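K.L.:
Fold the following, please.
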Amino acid sequence: MRLLVEMGLILTLSFLMINATKAQTATDTASAKSVMMQATFPGGAEGWTKYLQQHLRAEVGAENLKVKRHHTVTQTVTVSFLVNKNGKISEVKVANPDEVHPKLAEEAVRVIKQGPDWIPATINGNPVVYRQKQNISFAVTAE
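P.N.:
Residues are numbered from 1 along each chain as shown. All right, here's what the predicted structure looks like:
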């Protein structure tokens, strides 16, 4: 039986601005002139995808997912993390730990924690803390 290993990357552009003061939040949401820029990976979405493809160990799926002949098993790890005002990544955690193999979750967290600094999110040019979510799918096919 031959195993084919694929790694799918699904960028999720969900976010959550946190640690903004109530006054700033009220002013920003009420003002038609406020401008919010999301946190971005250096090189944008294409750079982020390339980074993940180069640094994730796709074979973790083959080593840990049991697949019957002529079947495919896919598990998607949803990772949530903060990008702080300086672009540093913190609070990396798996949002769906009960739905994925622990080794896949561990691999997804590892690669995100080891990533380079991001360009921080801003509101009206002022850096703010930003929550990012990333789905990483591991697919294994047995022929």
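K.L.:
make it CA atoms for all contacts and neighbour counts henceforth
P.N.:
Fine.
K.L.:
So which elements touch the helix or strand hosting Glu106?
P.N.:
Under the criterion of DSSP states H and E, Glu106 resides in helix 102-113. For helix 102-113, the elements it packs on are helix 59-64, strand 71-83, strand 89-94, judged by 3 or more Cα pairs under 8 Å, 6 or more residues apart in numbering; DSSP states H and E.
K.L.:
average pLDDT across it?
P.N.:
The average pLDDT for helix 102-113 rounds to 96.
K.L.:
likewise stretch 132-143?
P.N.:
Stretch 132-143 shows an average pLDDT of 88 in the prediction.
K.L.:
what's the offset of that stretch from the middle of its chain?
P.N.:
12 Å (Cα atoms, centre = their mean, to the nearest Å).
K.L.:
so which of the helices and strands packed on helix 102-113 is the most packed in?
P.N.:
Mean neighbour count (mean count of other Cα atoms under 10 Å) peaks for strand 71-83 among the helices and strands packed on helix 102-113, with a mean of 20.
K.L.:
returning to that earlier point: okay, the angle between the helix holding Glu106 and strand 89-94?
P.N.:
Helix 102-113 runs at 160 degrees relative to strand 89-94, counting by axes from the mean of the first three to the mean of the last three Cα atoms, to 10 degrees.
K.L.:
Quick check: bridge partners of Val128?
P.N.:
Residues in a beta bridge with Val128, per DSSP bridges, are Ala121.
K.L.:
Neighbours of it, how many?
P.N.:
Look at Val128: counted by other Cα atoms under 10 Å, it has 23 neighbours.
K.L.:
Could you do Arg57 as well?
P.N.:
Arg57: 15 surrounding residues under other Cα under 10 Å.
K.L.:
That one - nearest residue in space that isn't next to it in sequence?
P.N.:
Glu107 (7.2 Å; Cα to Cα, 6 or more residues apart in numbering).
K.L.:
what sits against that neighbour?
P.N.:
Residues in contact with Glu107 (Cα atoms under 8 Å, 6 or more residues apart in numbering) are Leu56, Arg57, Val60.
K.L.:
what do you get for Val79?
P.N.:
So Val79 contacts Val92, Lys93, Val94, Ala95, Asn96, Ala108, Val109, Lys133, Gln134, Asn135, Ile136 (Cα under 8 Å, 6+ apart).
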